[in-house]
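**Q** turn this into a structure:
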Amino acid sequence: MKYSTPYLLYPVNHNLERAIASSLILLDDETLQLASPDRSVPVADNFLFTRGNFEQHTFSGNVYEPLRHALEASATEELRKQEPLAWADTQNRLGNILAAIGQQMHDAEIFQKAVESFTLALEELSQQDSPLEWAATQANLATALQALGRLESDAKVLNKAVDAYTAALLVFTKKDTPEEWKLIMLQLGMTFHEHGKVLKGNRQFQKAVVAFKNAIPELDADNYPVELAAAHNNCGAVLHNLAESEENPERFEEALRSYETAWKVCMEQQRPVHLSVLCRVNKASARNELAELTSDAVLAEEVADDIEIIMECFPHALQPLCVKHCEAQLNLAKKLANASAA
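**A** Just a heads-up that it's a prediction; the model follows:
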């Protein structure tokens, strides 16, 4: 089974941003200047919230390597003996920085180093003595494993990510820590989705849908607009793949409703325009497959019109590969419409 690849939206990684902010004190004044992003020329970034789980928007990526070296130098065995919790915190911050570098470079080895840092931190943390720090580290570990498993399409790594998120949920409960709980549910849904694609198993897709539906009611549009849009869009992506697997028109309809809701959230909350466009592209692609499955020429014509509108009205909001995707979808829609008409 070959699944389509709808565009996913990724939530803001506050843990990464906090790791950077709290580590800047380790840099000298000259190096510290690297942390400030260049905002002198306002350029629309059509990749925001689409790069992956270790994207951040507050600091420049140029600061990653200096921070990596500074944190590695400060994580000494002497610090571990004298202040094990401070050492664990240093390893936690280092893990987030390494994962950001790994994502930037698409480098599995660096992701693995991030995993090792989080694992080392857990050696000095326990659920009993420092539950919040332990759970936060489990969540960081899970996110790094999710990114590594996604990069390498590795089911075992993705399964470890699920286990780490599940461990974090032993402490981060809906009642006591709702903030952490809902964000982990969102990430858990994304992990189950990727796991299902690798295993080609509907059971994992169904678990992903449950996780997203658990998160969605807890994410209000005013305070969590990107996370809410991501939850709806990414749930649509799971339902989209599940519909392909089952060849089920009703599943496609569910996916379409999720994509539509994600689009509305992006529009109403005035998120960057490319996010709403990507939701529309996902919806058009799913409608195209539904038209093909049901041999619906009228629907295919509607899809062709919708894609033409997207390409004509939002060329500035489309990534180059997305343009190619839209062109392919447009050709397919026209082919379906002509074939049915003939």
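
**Q** could you check how far P6 is from E244?
**A** P6 sits at a distance of 10 Å from E244 (criterion: CB to CB, to the nearest Å). Yep, even glycine has a C-beta here, placed from its N, CA and C like the rest.

**Q** tell me who's in contact with D107.
**A** If you count contacts by CB atoms under 8 Å, 6 or more residues apart in numbering, D107 has them with I101.

**Q** now do the phi/psi pair for it.
**A** Here is the backbone geometry of D107 (degrees, to the nearest 10): phi -120, psi 110.

**Q** tell me the pLDDT at it?
**A** Predicted confidence (pLDDT) for D107: 98.

**Q** can you check the one 10 residues further on too?
**A** Model confidence at S117, given as pLDDT, is 98.

**Q** what number of residues lie near the closest residue to it other than its chain neighbours?
**A** Sequence neighbours aside, G95 is the residue nearest to S117 in space, at 3.5 Å (criterion: CB to CB, 6 or more residues apart in numbering). For G95, the number of neighbouring residues by other CB atoms under 10 Å comes to 29.

**Q** quick one: which of P6 and E244 has more around it?
**A** Taking P6 and E244 together and counting by other CB under 10 Å, P6 has the greater number of neighbours (23 against 19).

**Q** which SS class is that one?
**A** Reducing the assignment to helix, strand or coil with DSSP: H, G, I helix; E, B strand; the rest coil, the entry for P6 is coil.

**Q** wait, what's in contact with the residue nearest to E292 when sequence neighbours are not counted?
**A** For E292, ignoring the flanking residues on the chain, the nearest one in space by CB to CB, 6+ apart is L336 at 5.7 Å. Taking CB under 8 Å, 6+ apart as the contact definition, L336 lies against N288, A291, E292, S295, A297, A300.

**Q** what's the answer for A286, then?
**A** Taking CB under 8 Å, 6+ apart as the definition, contacts of A286 comprise P6, G236, H240, A243, F252, A255, L256, Y259.

**Q** distance check, N248 against A211.
**A** Distance check for N248 against A211: by CB to CB, it reads 20 Å.

**Q** can you tell me how far the residue nearest the centre of the chain sits from A21?
**A** Closest residue to the average C-alpha location of the chain: Y10 at 3.1 Å, with CA atoms, centre = their mean. The gap separating Y10 from A21 is 20 Å, by CB to CB.

**Q** go on, A99?
**A** With distances defined as CB to CB, the gap from A99 to A21 amounts to 16 Å.

**Q** who has more neighbours, the two?
**A** It is A99, of A99 and A21, that has more neighbours when counted by other CB under 10 Å, with 31 against 14.

**Q** about what we covered before: tell me which element the residue nearest to E292 is part of?
**A** helix 320-341 (DSSP states H and E).

**Q** in that helix, what's buried?
**A** Of the residues in helix 320-341, those buried under the neighbour-count criterion (16 or more other CB atoms under 10 Å) are C322, H325, C326, Q329, L330, L332, A333, K334, L336, A337, S340.

**Q** check contacts around the fourth one.
**A** The reference is to Q329. V281, A284, S285, N288, V303, I307.

**Q** quick one, helices of the stretch 101-250 of the chain?
**A** Defined through DSSP state H, counting those that start in this stretch, the helices belonging to the stretch 101-250 of the chain, from first to last, are 108-123, 131-152, 155-168, 178-199, 202-215, 225-246, 249-268.

**Q** mind putting those into TSV with distance to T31?
**A** Listed next are the helices of the stretch 101-250 of the chain as TSV, based on distance: least, CB to CB, whole Å:
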stretch	distance to T31
helix 108-123	20
helix 131-152	25
helix 155-168	33
helix 178-199	31
helix 202-215	38
helix 225-246	30
helix 249-268	37
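
**Q** quick one, domains of this protein?
**A** 1-38+45-180, 219-342 (automatic domain parsing).

**Q** that older thread, out of the contacts of L336, who's nearest S40?
**A** The shortest gap between S40 and any of the contacts of L336 belongs to N288, at 41.4 Å (CB to CB).

**Q** hmm, that closest one is touching N331, no?
**A** No - with contacts defined as CB atoms under 8 Å, N288 does not count as touching N331, sitting 10.2 Å away.

**Q** turn the domains of the chain into a markdown table, including distance to M190.
**A** Converted to a markdown table, these look like this (distance: least, CB to CB, whole Å):
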| stretch | distance to M190 |
| --- | --- |
| domain 1-38+45-180 | 7 |
| domain 219-342 | 6 |
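
**Q** minimum distance to V198: which of these has it?
**A** Checking those against V198 by CB to CB gives domain 1-38+45-180 as the closest, at 4.6 Å.
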